[in-house]
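Asker: Here is my input; please provide its structure:
(4 chains)
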There are 2 protein chains.
Amino acid sequence: MQNMQPDLARLVAETGGRPRTATQHVEAALREAILSGQLAGGTALRQEDLARAFGVSRMPVREALRQLEAQALVDFAPHKGAIVAEISAADAADTYAIRLALEPACLERSVPHLDARALDTAADLIGEMDSDPDPGRLGELNRRFHMTLYSAAGRPRLLALTETTLAGFDRYLRFHLAAHGRAHMSQDDHRAMLEAARRRDADAATRVLRHHLQTAAATLAAFFAARG
Amino acid sequence: MQNMQPDLARLVAETGGRPRTATQHVEAALREAILSGQLAGGTALRQEDLARAFGVSRMPVREALRQLEAQALVDFAPHKGAIVAEISAADAADTYAIRLALEPACLERSVPHLDARALDTAADLIGEMDSDPDPGRLGELNRRFHMTLYSAAGRPRLLALTETTLAGFDRYLRFHLAAHGRAHMSQDDHRAMLEAARRRDADAATRVLRHHLQTAAATLAAFFAARG
DNA sequence: CAATTGATGATTGGATCCAATTATGACAGG
DNA sequence: CCTGTCATAATTGGATCCAATCATCAATTG
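Answerer: This next block holds a predicted model:
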């Protein structure tokens, strides 16, 4: 394995690393379907149906559903089955409270150690968010932008928690954008955070981030209040 | 079910709710074994052995291990199996970083809404921590004390995240106490937090909490540095 | 007629079996 | 003597089957 051909290395990279196990495949597909809204909140997830749809047995489906429950994307009840977690004003507020607790901590620890490569990646992601016409990709780009800014925090578990929270937030971002358009992506905040990070000004960056999250939370809460 | 007898209600409460499923039983038992140190970090968890030990098949064991992986108590590798997550200085710092992010947010939101019952429960728990001779129970009491103070935060997912993080912290608390004795429980901090909560002074309470966590993190880091 | 009970069908939890992957160790070659 | 290779055993991932639980609805009874 020491002299892996470039071709082979690229092939492996393209296939997403290594041949995934059936459970991982089902989990990833279901997560994507839930976050994209293809599976609406409240949908009952019958193990048999999913197994047929994926061409596997019920077992990998069961394990995938358990994993998704741990990510708060499905609600599980013994002997009753799984349903897609509902989105609600209360859950949105909960998600923002978690983000507001975790992300400033990530950013504060990361800013002093960010290298030029990460900063450039973040800048590219801002550009992609401006130019990508697919609103469905904005969630992924937004998540990658934030995680790039946090990537040098050096706290793997803290970052993992933040990433799953951000992933679960995708549904609300789509909601938000569908109602208000991409103007509410707050690209100004993103640019301000990046500039503060370039200046190694962690305090300014976290101030912008807090404001960014609080404003978004308030906007989303008002949206829910208006049309429940 | 509308006119349930008080006797029946008490009986149900005593039996701990409902008969748990095998997966839940195995998960709870393994978690307790890991947190108490009976299963040391790095221990390989063979599904077959565990299944025999619990008198069940490998399947509930598999699901329990997946659940524990989501709680960062075991490390899982496809086709390789599960091992008990190692404790380390880096992981301790990670855990404290998460606590320091989540818990002040919980406390700040909870203090304004705490009722007398919760405050009395918290006071009782401080007393129990002073008098209980079993050091193994201090982790549980400490966790319950903190969660009681956060219980009125009204953010179920934030609280759930905090509780699992606190649970995972039990191993480090035992470590800590074994080395330094119960003097380092920082009961003074606990009392100060409770008093601030009684005064509805959320700022003071969170200040004490932050100091409490930062001091404990520093002490534990020094301990790890001294004897690896 | 409402409410409870009992039977039936649908669905999940658990056990057992088979396949795929990884670890172990013997052995040939340099 | 060390290294790499190949065969074998141990272990996990997945499929299939059975048991337990829950939902649905008709029937009975007050």
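
Asker: residues touching whichever residue of chain A sits closest to DNA strand C, list them.
Answerer: Closest approach between chain A and DNA strand C, counting by CB to the nearest atom of the strand: A:G81, at 3.3 Å. (Glycine included, C-beta is placed from N, CA and C.) Residues near A:G81 by CB atoms under 8 Å, 6 or more residues apart in numbering or on different chains: A:44-47.

Asker: Give me the subset of these lying in strands.
Answerer: A:44-45 (DSSP state E).

Asker: mind giving me the domain ranges of chain A?
Answerer: A:6-84, A:89-227 (automatic domain parsing).

Asker: Could you give the bridge partners of the residue of chain A closest to DNA strand C?
Answerer: With DSSP bridges as the criterion, A:G81 is bridged to A:A77.

Asker: Next one: it, what pLDDT does it get?
Answerer: As predicted, A:G81 sits at a pLDDT of 96.

Asker: A:D132 too?
Answerer: Note on A:D132: pLDDT of 86.

Asker: That one: what's it in contact with?
Answerer: A:138, A:141.

Asker: Next, find the distance separating it from B:A122.
Answerer: A:D132 is 50 Å from B:A122, where distance means CB to CB, to the nearest Å.

Asker: Would you map the strands across chain A?
Answerer: A:44-45, A:74-77, A:81-84.

Asker: pLDDT of the second one, averaged?
Answerer: Strand A:74-77 shows a mean pLDDT of 97.

Asker: Where does the prediction get shaky in chain A?
Answerer: Residue ranges of chain A with pLDDT under 70: A:1-19, A:228.

Asker: centroid residue for it?
Answerer: Residue closest to the mean C-alpha point of chain A, counted by CA atoms, centre = their mean, is A:A167 at 2.1 Å.

Asker: just checking, that residue touches A:R143?
Answerer: Yes. Taking contacts as CB atoms under 8 Å, A:A167 lies within contact range of A:R143: 6.5 Å.

Asker: and the gap between the residue in chain A that chain B sits nearest to and A:A179?
Answerer: Of all residues in chain A, A:A70 sits closest to chain B, at 3.5 Å by CB to the nearest CB. With distances taken as CB to CB, A:A70 is found 30 Å from A:A179.

Asker: most neighbours, which of the contacts of A:G81?
Answerer: Using other CB atoms under 10 Å in any protein chain shown as the neighbour test, those are led by A:L45, with 20 neighbours.

Asker: quick one: contacts for that residue?
Answerer: A:30, A:39, A:65, A:74, A:81-84.

Asker: Drop the exposed ones from these and show what's left.
Answerer: Buried subset of the contacts of A:L45 (neighbour count, 16 or more other CB atoms under 10 Å in any protein chain shown): A:30, A:39, A:65, A:74, A:82-84.

Asker: where exactly do the helices run in chain A?
Answerer: Along chain A, the segments classed as helices by DSSP state H run A:6-14, A:22-36, A:47-54, A:58-70, A:89-110, A:116-131, A:135-150, A:156-180, A:187-198, A:202-227.

Asker: what would the buried ones among the contacts of A:L45 look like in CSV with distance to DNA strand D?
Answerer: Formatted as CSV, the buried ones among the contacts of A:L45 follow (distance: CB to the nearest atom of the strand, whole Å):
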residue, distance to DNA strand D
A:L30, 14
A:L39, 20
A:L65, 13
A:V74, 16
A:A82, 13
A:I83, 12
A:V84, 17
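
Asker: of all these, which comes closest to A:R198?
Answerer: A:L30 (38.5 Å; CB to CB).

Asker: Sounds good, over and out.
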